[in-house]
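**Q** Sequence and predicted structure are below.
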Amino acid sequence: MDKLRQTIEAIRPLDEAAMKETERRLGRLTKPPGSLGRLESLAVQLAGIAGATVDRPPRKAVVVMAADHGVCEEGVSAFPQEVTGQMVLNFLAGGAAINVLARQAGAEVVCVDIGVKSEVAHESLLVRKVRAGTANLARGAAMTRDEAARAVEVGIGLAEELAARGIGLLATGEMGIGNTTPSAAMLAVFGELDPAEAVGRGTGLDDEGLRRKYETVKRAIETNRPNRDDVLDVIAKVGGLEIAGLAGLILGAAARGVPVVIDGFISTVAAIAAVRFAPIAREYLIPSHLSEERGHRLALRELGLEPMLNLEMRLGEGTGAALAFPVIDAACNVLSQMATFDSAGISEG
Ligand SMILES: Cc1cc2ncn([C@H]3O[C@H](COP(=O)(O)O)[C@@H](O)[C@H]3O)c2cc1C
Ligand SMILES: O=C(O)c1cccnc1
């Protein structure tokens, strides 16, 4: 708990002077003012986070946190629970969608077992298991408050390790069959929404499955009565281990001055939890894409973030975030590679 408190206290507002300097540099480049749109606001945000203009693409990593969910026994996913562990091996073998997209963007994939039910053994897997999957949140708390805090601290620790290794840009990824259910429950609680607005088809539930999932989320909230003003209470009662871990990753990154690209629905709910812990952490977030999962738009709205891409994806793993990496690299490269009005001898308006 001390680590969590210290991390929250270490998060600083963005550096105004660095942002002004980057705005000034952007204004000298051979283009009408503001014409590079979101690339310009990204460049300014990156400068505010780093405390200096960022004109070289940073080293990047996607952190895929994997965990299982006891709520799967309610029939809330189109896939069986054992797929979580099986997909972890697929990530480690380099065969999942996130491996392809991260490779293409020059990013590494860091795979973390924070709560997979089975034992997965692989030399490249980071095993930080807080417990072997959550309990069924429709019947009681998903985990204890202490386990929730430990899972958040696993994420903080990882962000610290990666920042120390020279990673300058992180992306959130997750794998956990059933995890759109706790995500929907957390969103409904934090956003004071009717669960129907937060529950979607996930991996592809049919209408009957969707109704069951809605009833499950409703029952989870009624049974557990989470206190929306107490973030750890919400995570412990209706959350998940990988969601908690990602909230911690965001806090740890913000405390170390590292920006974080947010993937789809589950990741955005983790970001809401992080921002409830530490409102300034929001300034360190870079939204990526709009997922097809019902609830993602509302989750982004809760954070006041506008996605960059809409590719009608609904996968998770960090795939949407990895696709935003080249856009972020572009924001850095224009600063170092474009000519200025002076250097190119171009008349200003
Ligand atoms: C093969 C496979 C690969 C995945 N990669 C991400 N997810 C995504 O689907 C799951 C969430 O959906 P639900 O709540 O409906 O289970 C998470 O594991 C998420 O990362 C996958 C799902 C499957 C089946
Ligand atoms: O948006 C996501 O992250 C998502 C949506 C559906 C299933 N898995 C993940």
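**A** That came through, no problem. Here the structure is a predicted model, which means the values were calculated and not measured. Ligands and ions are numbered 1, 2, ... in the order given.
**Q** And the pLDDT at the residue of the chain found nearest ligand 1?
**A** In the chain, the residue that lies nearest ligand 1 is residue 202 (2.3 Å; Cβ to the nearest ligand atom). C-beta here means a position set from N, CA and C on the backbone, and glycine is covered the same way. Confidence at residue 202, expressed as pLDDT, is 98.
**Q** so how far is residue 297 from the nearest residue to it once chain neighbours are set aside?
**A** Counting by Cβ to Cβ, 6 or more residues apart in numbering, residue 180 is the residue found nearest to residue 202 once chain neighbours are left out, at 3.9 Å. Using Cβ to Cβ, to the nearest Å, we find residue 180 at a distance of 14 Å from residue 297.
**Q** do residue 321 as well
**A** Residue 321 is 17 Å from residue 297, by Cβ to Cβ.
**Q** So for those two, which sits in the more crowded spot?
**A** Neighbour tally, residue 321 and residue 297, criterion other Cβ atoms under 10 Å: the higher count belongs to residue 321, 34 against 15.
**Q** List the contacts of the closest residue to the more buried one other than its chain neighbours.
**A** The spatially closest residue to residue 321, leaving aside those adjacent along the chain, is residue 171, at 3.6 Å (Cβ to Cβ, 6+ apart). Residue 171 makes contact with 60-63, 107, 260-263, 288, 318, 321-322, 324-325, according to Cβ atoms under 8 Å, 6 or more residues apart in numbering.
**Q** ends of stretch 223-241, how far apart?
**A** In stretch 223-241, first residue to last residue: 20 Å (Cα to Cα, to the nearest Å).
**Q** Is there proximity between it and ligand 2?
**A** No. Judged by Cβ under 6 Å from any ligand atom, stretch 223-241 stays clear of ligand 2, getting no closer than 12.3 Å.
**Q** you'd agree residue 65 is in a strand?
**A** Yes. Counting by DSSP: H, G, I helix; E, B strand; the rest coil, residue 65 is located in a strand.
**Q** Give me the nearest residue to it, chain neighbours excluded.
**A** The nearest residue in space to residue 65 (Cβ to Cβ, 6+ apart) is residue 242, at 3.8 Å.
**Q** what residues are up against the one you found?
**A** 65-67, 114-115, 174-176, 179, 266.
**Q** any idea how far residue 268 lies from residue 147?
**A** 23 Å.
**Q** try residue 29
**A** From residue 29 to residue 147 the distance is 50 Å (Cβ to Cβ).
**Q** same deal with residue 93?
**A** Taking Cβ to Cβ, one finds residue 93 at 30 Å from residue 147.
**Q** can you check residue 259 too?
**A** With Cβ to Cβ as the criterion, residue 259 and residue 147 are 28 Å apart.
**Q** more neighbours, the two?
**A** The residue with more neighbours, out of residue 259 and residue 147, is residue 259; 24 against 20, by other Cβ under 10 Å.
**Q** so who does the more buried one touch?
**A** 45-46, 49, 168-170, 253, 284-286.
**Q** by contact count, what packs against the helix or strand harbouring residue 23?
**A** Assigned by DSSP states H and E, residue 23 belongs to helix 16-28. The contact analysis (3 or more Cβ pairs under 8 Å, 6 or more residues apart in numbering; DSSP states H and E) places helix 16-28 against helix 37-50, helix 319-337.
**Q** With distance to residue 196 added, can I get the ones you listed in JSON lines?
**A** Listed next are the helices and strands packed on helix 16-28 as JSON lines, based on distance: least, Cβ to Cβ, whole Å:
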{"stretch": "helix 37-50", "distance to residue 196": "32"}
{"stretch": "helix 319-337", "distance to residue 196": "24"}
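**Q** possible to save those helices as CSV with mean pLDDT and distance to residue 21?
**A** Putting the helices and strands packed on helix 16-28 into CSV (pLDDT from 0 to 100; distance: least, Cβ to Cβ, whole Å) gives the following:
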stretch, mean pLDDT, distance to residue 21
helix 37-50, 99, 7
helix 319-337, 98, 11
